[in-house]
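Engineer: here is a sequence together with a model predicted from it:
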Amino acid sequence: MPIRAVLWDIDDTIFDYSGADRTGMRKHLEHEGFPEGYTTLEQALDAWKAITDVQWARFAAGELDFQGQRRERVRAFLGRPLSEAEADEWFGRHATHYEAAWALFPDAVPALDRLAGDYRHAVLSNSSIHNQDRKLRALGVRDRFEAVVCAVEIGVAKPEAAAFHTACEALSLDPHEVAYVGNEPDIDAGGAVAAGLTGIWLDREGLGGRPELVRIAGLEELPGLLAGNTRFGAPDTFR
């Protein structure tokens, strides 16, 4: 049976999360000053990204709630204990700069336009509906998606099969009728394949490898891939 819908990741797939987060933190630190222990801005920015990855993984594993991972990011970055209110206030000041830098990747809207007439569209994110619905509206693309399904509300996160299946249920489609597109090879593409969907790894950084996965380097490749799909039986031929 052919693919009938595309299920999308948001952050670092259609939305340049990493770019906005780095730009926002750069502006934030220009106002706040460097925390102790960092000697250059680039060192501090790299540390913030590494800390974010660690704390987000804890959130995805159920060790922290959404607000908790934000607070732990701030505490680890500043290297000192903070109350919940203090951590929230610091993160909130950063968020102002981060949100000012929000932008879609240049290939996102053209790909959505080209796919609009042939496929249904929805979102599956490991974030919260409050965060992601507001983000999609601010970026002007919320109306492109029939549903926005988020881990915080459904209680299960990618790469668990239940997360993908919940999103498919929101579309009233079977997993084999849905393609999932995301920037993480294991959490997104690998998880989708294990759940019975067609997983597509968006490898924007050109990391390569992973011949078992269907891989594209940019969203401009997606319409042609989907149009010629035979359930993507030879993944490595596409890159």
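Structural biologist: Happy to help now that I have it.

Engineer: pull out the buried residues from the longest helix anywhere in the chain.
Structural biologist: Scanning the chain for the longest helix, with DSSP state H as the assignment, gives helix 41-60. Buried residues in helix 41-60, defined by neighbour count with 16 or more other C-beta atoms under 10 Å: 44-45, 47-48, 51-52, 55-56, 59-60. Bear in mind the C-beta positions are built from the backbone N, C-alpha and C, glycine included.

Engineer: over to stretch 92-102?
Structural biologist: 94, 97-98, 101-102.

Engineer: convert it to PDB, retaining C-alpha atoms only.
Structural biologist: These are the backbone C-alpha positions of stretch 92-102, laid out as PDB (Å, rounded to 0.1, in the frame of the first residue of the first chain):
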ATOM      1  CA  GLY A  92      12.900  32.700  30.700                       C
ATOM      2  CA  ARG A  93      15.400  35.500  30.000                       C
ATOM      3  CA  HIS A  94      17.200  33.200  27.600                       C
ATOM      4  CA  ALA A  95      13.900  32.100  26.000                       C
ATOM      5  CA  THR A  96      13.200  35.700  25.000                       C
ATOM      6  CA  HIS A  97      16.300  35.800  22.900                       C
ATOM      7  CA  TYR A  98      15.800  32.300  21.600                       C
ATOM      8  CA  GLU A  99      12.300  32.900  20.400                       C
ATOM      9  CA  ALA A 100      13.400  36.100  18.600                       C
ATOM     10  CA  ALA A 101      15.700  33.900  16.500                       C
ATOM     11  CA  TRP A 102      13.000  31.300  15.500                       C
END
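
Engineer: which residues touch stretch 138-150?
Structural biologist: Here stretch 138-150 makes contact (C-beta atoms under 8 Å, 6 or more residues apart in numbering) with 8, 14-15, 99, 102-104, 108-109, 112, 116, 120-129, 131-133, 136, 163, 166-167, 170-171.

Engineer: reformat the buried residues of stretch 92-102 as CSV; add pLDDT and secondary structure.
Structural biologist: CSV is the format used below for the buried residues of stretch 92-102 (pLDDT from 0 to 100; DSSP: H, G, I helix; E, B strand; the rest coil):
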residue, pLDDT, secondary structure
94, 95, helix
97, 97, helix
98, 96, helix
101, 97, coil
102, 97, coil
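
Engineer: check contacts around the residue nearest the centre of the chain.
Structural biologist: With distances taken as C-alpha atoms, centre = their mean, residue 11 lies nearest the centre of the chain, 2.8 Å away. By C-beta under 8 Å, 6+ apart, residue 11 lies in contact with 17, 125, 127, 183.

Engineer: please check the residues you listed and keep the buried ones.
Structural biologist: With neighbours counted by 16+ other C-beta under 10 Å, the contacts of residue 11 contain buried members at 17, 125, 127, 183.

Engineer: mind giving me CSV with those residues and columns for pLDDT and secondary structure?
Structural biologist: As requested, those are arranged in CSV below (pLDDT from 0 to 100; three-state DSSP):
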residue, pLDDT, secondary structure
17, 95, helix
125, 97, strand
127, 91, coil
183, 97, coil
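
Engineer: quick check: can you list the domain ranges of the chain?
Structural biologist: 5-16+103-238, 17-100 (automatic domain parsing).

Engineer: among the ones you listed, show me which one is buried the most.
Structural biologist: domain 5-16+103-238 (a mean of 18; mean count of other C-beta atoms under 10 Å).

Engineer: pLDDT (mean, whole number) over the helix or strand where residue 137 lies?
Structural biologist: Secondary structure from DSSP states H and E places residue 137 in helix 129-138. When pLDDT is averaged over helix 129-138, the result is 96.

Engineer: switch the buried residues of helix 41-60 over to CSV; also include pLDDT.
Structural biologist: Output for those, formatted as CSV (pLDDT from 0 to 100):
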residue, pLDDT
44, 94
45, 94
47, 95
48, 95
51, 96
52, 94
55, 94
56, 86
59, 85
60, 79
